[in-house]
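Novice: My questions are about this predicted structure, shown below with the sequence.
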Amino acid sequence: MLARTFMASPDKAKRGIPSKEDFNLWYPAIVEIADLVDKRYPIKGMDVWKPYGWKAMMLIDGLTRAEMDRTGHEEYNFPLLVPEDLLEKENRLVSLLKKAREEGVDPDELRLDEEEAGFKKEVYWVKHAGENELELPMFLRPTSETPMYTMFPLWVRSHGDLPLKTFQIVNTFRYETKQTRSFIRVREIHFFEAHTAHKDQEGADAQIEEDAVIVQNLLHDLCFPAIVSKRPVWDTFPGAWFSNAVDVVMPNGRTLQVATYHHYKDQWAKAFDLKYEDTEGQSQFCHQTTFGMSERMLGAVVGMHGDDAGLIFPPKIAPIQIVLMPVAQHLDEDVIPSINKIADTLKSAGYRVKVDDRDLRPGAKHYDWEIKGVPLRLELGPRDLKSGQFVLSMRTGGKASHDVDELLNVISDSLDATESELRNRAAVHMEHLVLDFPGIEQSSDGWKLTKPLEDGKVYQLAFDGNDSDAEILEKATGLTFLGDCIDSYNEPQPCAVTGRMTTRKQHLARMY
RNA sequence: GGGCCUGUGGGUUAGUCUGGCCUAUGCUAGAUGGUUUGGGACCAUUUGACCCUGGUUCAAAUCCAGGCAGGCCCA
C-alpha cells in the first residue's frame, strides 16, 4: 500500500529524468533539468550557461589555474580574431609536415585517406565590418596556436626568456556539422590551452611529463579514471611530433577525449621562426608543447557520476557542497537563527553552502538538491534543537544524526567519504565497460572475430602491428584505435593480429 | 556531402492524416490568497501557445511553397 502511494506518479517523482540506462536520453535531459545550461538559444551547438553550470565550470577552471600556478605557467588572453594570412602560414606548415612525415615515417604508418589537416573546414569567418567588406577576412580562433605563435617570437630573444610557459582559458569556435551535445560537442567551446616554448627537446619532454601529472591531479579531484594513450600517427594533431590524449569512458561505452597534450619538437618554431640565442651566441629553434582541455571535463563529470536521481558533483567542484534545510521553522523560532549560525560556521571554514529556506515541504527540497547533485544535505528542526544534533543526508546514500559539536569533523569526513565513494563507483564502472578483446583469426574468407563483440564496450588488447593491421581490426570491429596506452602490460602478450609478443596495450572504442 | 522526420503556453502533451463546433486539451511549472511543513501537501482564483513569410480557400494549428530552428540515418 505504501509503495503504491509512493509510486503513484513515477514521472512526477523523477521530474521526467529518463533512466541512466538509456544514457543517450538521460544526458541531454539532465543537463537542463539540473539547470547547468539552457539549450534553447537559437544557434545549434551554442548553449547558454546557467549560473549553476557556469559555477561548476569556474570551479574546474579554478583547479586548473591552481595547477598552472603550481607549475609556473602564466595566464594570458589573446584576441578572438585571427587574420586570414596567418592561417596560410599554418597551412604551409601542415603541408610541409605532412610531406616530411610521408618521407620520414614508415609508409605502413600512414593512411591514404588522411583528411585535409587542421581546422580549415570548420572555422567561422568574419568578412564584413559595418558596411564594408574586409580586404583581409578574419576568422574566429578554433584554437590559438596561430595567434600565440605569432607573438612568441617577439617575446623570446634569449635563453633567459625560456622556458616560456603560457596558458589561457577562453572561448574557441568550431563549426560542427554533426549533431551537437552539451559540453561534449559544441560550436562555442570553453577551452583551456597551455602553450610552452623550451630550449631543447628535453625541455619539451619534461613539459609533457609535467602535463601528465597535472591531468592525473585533476582526474583525482574529479574522482574518475581515464585512459591515457599516445595517439596513432594518423590521428596526431597536425604539426605535432606526437599527441597524448586522455579518454574517459562514458556509460554508453563511448570514449570522450577530455584532454590532449602535444609535443611539437621544433616544427612549429620553424614555421613561425621562433628562435633564441643560446649561451654560445648561436641561434636555436625552440621546442614547443601544447596542452588542451575543455568543458568536456564537465560533460565527463555529469556522465560519470550522475544516476537516476540526477547529478552527483564531486565535492571539489560542487557549486554548493552542503545545503542547509530548516525544518518546521514555524514551530520553533530558534530554527532559523540556529541554522544560519551553522551556515556561518561552515562558510568560515571555507565550504560552499546554501540555506534553503523556501516555503516547501522538506521532501521537495531533498529531491531538488538531489537532482542538482549537492553532496551533502543538512536538516535542522525543533527536534534537533532539543537534542543538540543535526541530520545529514549524503547524495551517495545514507542519512544519520550527528552532534552539532562535531559539525566540522562530520562535514569534512562526509565530503571525503563522498569523494572515495565516487572514485570507487567510477572504477567499478570502468571495469564493466572495458573488456579484453576476444581475438581475431584469418580464414579463407578474410578476418573473423573469434567471438562477437558487445555493443557499448571498449576493448583492450595487445597490439604490435602496423597501420594495415590496425585497419583490419577497425574494419572487423567497427571501432577505432585510441593509441598506445601509457600503462603497458607487465608481461609480454601475443599481438592480436601478428602474434608477436609485446607489452603494448591498445584500446578499441567508439569515440565521441 | 546525401536522405528522412519534426516545430502548439516556461516544460510536456491532445488536436493535423480527413480544413469549419479550436473561442485549442490534459499534466506540470509560474502568479495571488489561505491552510500546511521531519522525504515530492492541498484548496480557490489567475497568467500564458499554434516557428516565420507567402499561397490555396467562404474558412488554415490543420493543405502547399520557401525560410529558420531542431532531431534521426547514411557517406
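Specialist: Sure, I can see it. Residues are numbered from 1 along each chain as shown, chains lettered A, B, ... in the order given.
Novice: dump the residue contacts of residue A:168.
Specialist: Residue A:168 makes contact with A:75, A:76, A:77, A:78, A:144, A:192, A:193, according to C-beta atoms under 8 Å, 6 or more residues apart in numbering. In short, each C-beta sits where N, CA and C put it, glycine included.
Novice: swap in residue A:493?
Specialist: By C-beta under 8 Å, 6+ apart, the neighbours of residue A:493 are A:462, A:501, A:502, A:503.
Novice: and if we set it to 7 Å?
Specialist: Applying C-beta atoms under 7 Å, 6 or more residues apart in numbering, we find residue A:493 in contact with A:462, A:501, A:502.
Novice: what's the closest non-adjacent residue to the first one?
Specialist: Across the structure, with C-beta to C-beta, 6 or more residues apart in numbering as the measure, the residue nearest residue A:462 apart from its sequence neighbours is residue A:493 (3.6 Å).
Novice: so that neighbour bridges to which residues?
Specialist: residue A:502 (DSSP bridges).
Novice: On the pLDDT front, check it for me.
Specialist: Note for residue A:493: predicted pLDDT of 95.
Novice: start to end distance for stretch A:158-171?
Specialist: Between the opening and closing residues of stretch A:158-171 there is a gap of 32 Å (C-alpha to C-alpha, to the nearest Å).
Novice: cool, stretch A:142-162 as well?
Specialist: 26 Å.
Novice: Equivalent analysis for stretch A:483-492, please.
Specialist: 17 Å.
Novice: Average pLDDT for stretch A:398-413, rounded please.
Specialist: 97.
Novice: does any part of it sit near RNA strand B?
Specialist: Yes: using C-beta under 7 Å from any atom of the strand, stretch A:398-413 reaches RNA strand B at residue A:399.
Novice: Give the buried residues for that stretch.
Specialist: By 16 or more other C-beta atoms under 10 Å, the buried positions in stretch A:398-413 come out as A:402, A:404, A:407, A:410, A:411.
Novice: doesn't residue A:345 fall inside a strand?
Specialist: No: Residue A:345 is assigned helix when assessed by DSSP: H, G, I helix; E, B strand; the rest coil, not a strand.
Novice: Quick one: name the residues of the stretch 201-350 of chain A near RNA strand B.
Specialist: Near RNA strand B, when you scan the stretch 201-350 of chain A using C-beta under 7 Å from any atom of the strand, you find A:327, A:328, A:329, A:330.
Novice: what sits against the third one?
Specialist: For residue A:329, the contact set (C-beta under 7 Å, 6+ apart) comprises A:335, A:336.
Novice: From RNA strand B, how far off is residue A:240?
Specialist: 25 Å (C-beta to the nearest atom of the strand, to the nearest Å).
Novice: State the distance from that residue to residue A:208.
Specialist: Counting by C-beta to C-beta, to the nearest Å, the gap from residue A:240 to residue A:208 is 11 Å.
Novice: do the same with residue A:160
Specialist: For residue A:160, the distance to residue A:208 - C-beta to C-beta - is 23 Å.
Novice: One more: residue A:254?
Specialist: Residue A:254 is 26 Å from residue A:208, by C-beta to C-beta.
Novice: Mind checking which of these two has more residues around it?
Specialist: Neighbour count, other C-beta atoms under 10 Å: between residue A:254 and residue A:208, residue A:254 has more, with 20 against 17.
Novice: In this structure that one contacts residue A:480, no?
Specialist: No: if you go by C-beta atoms under 7 Å, residue A:254 and residue A:480 don't touch, sitting 10.4 Å apart.
Novice: shared neighbours, the two?
Specialist: A:510, A:511.
Novice: Which parts of the stretch 251-400 of chain A are strands?
Specialist: With strands called from DSSP state E, counting those that start in this stretch, the stretch 251-400 of chain A shows them at A:254-265, A:275-277, A:283-285, A:287-294, A:322-326, A:353-355, A:376-380, A:389-394, A:399-403.
Novice: could I have the last one exported to CSV, CA atoms only?
Specialist: Listed in CSV are the C-alpha atoms of strand A:399-403, where the atom choice follows Å, rounded to 0.1, in the frame of the first residue of the first chain:
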residue,chain,number,x,y,z
LYS,A,399,21.4,9.6,6.4
ALA,A,400,22.3,10.0,10.1
SER,A,401,22.2,12.3,13.1
HIS,A,402,25.3,13.9,14.5
ASP,A,403,26.1,16.2,17.4
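Novice: now the angle between strand A:389-394 and it, please.
Specialist: 140 degrees (axes from the mean of the first three to the mean of the last three C-alpha atoms, to 10 degrees).
Novice: Tell me where the model's unsure across chain A.
Specialist: Chain A contains residues with pLDDT under 70 at A:1-16, A:96-120.
Novice: all helices for it, in order.
Specialist: Taking DSSP state H as the criterion, chain A contains helices spanning A:2-6, A:10-14, A:23-33, A:51-70, A:84-104, A:145-155, A:201-222, A:267-272, A:296-305, A:335-348, A:362-371, A:382-387, A:407-433, A:467-477.
Novice: What residues of the fourth one count as buried?
Specialist: It stands for helix A:51-70. For helix A:51-70, by 16+ other C-beta under 10 Å, it's A:52-57, A:59-61, A:63-65, A:67-68.
Novice: ditto for the longest one
Specialist: Under the neighbour-count criterion of 16+ other C-beta under 10 Å, helix A:407-433 has A:407, A:410-411, A:414-415, A:417-419, A:421-423, A:425-426, A:429-430, A:433 buried.
Novice: What is the nearest of the residues you listed to residue A:48?
Specialist: residue A:422 (27.8 Å; C-beta to C-beta).
Novice: Quick check: closest non-adjacent residue to that closest one.
Specialist: residue A:223 (3.9 Å).
Novice: again, but for residue A:20
Specialist: residue A:26 (4.6 Å).
Novice: Also residue A:434?
Specialist: Closest to residue A:434 by C-beta to C-beta, 6+ apart is residue A:458, at 4.7 Å.
Novice: on that earlier part again, looking at the contacts of residue A:168, which is nearest residue A:31?
Specialist: residue A:192 (20.0 Å).
Novice: Give me the neighbour count for the closest one.
Specialist: 21.
Novice: contacting residues for it?
Specialist: A:64, A:167, A:169, A:292, A:293, A:294.
Novice: bridging residues for whichever residue of the stretch 401-512 of chain A sits closest to RNA strand B?
Specialist: Residue of the stretch 401-512 of chain A nearest RNA strand B, by C-beta to the nearest atom of the strand: residue A:401 (7.5 Å). For residue A:401, the beta-bridge partners are residue A:391 (DSSP bridges).
Novice: Thanks a lot, catch you later.
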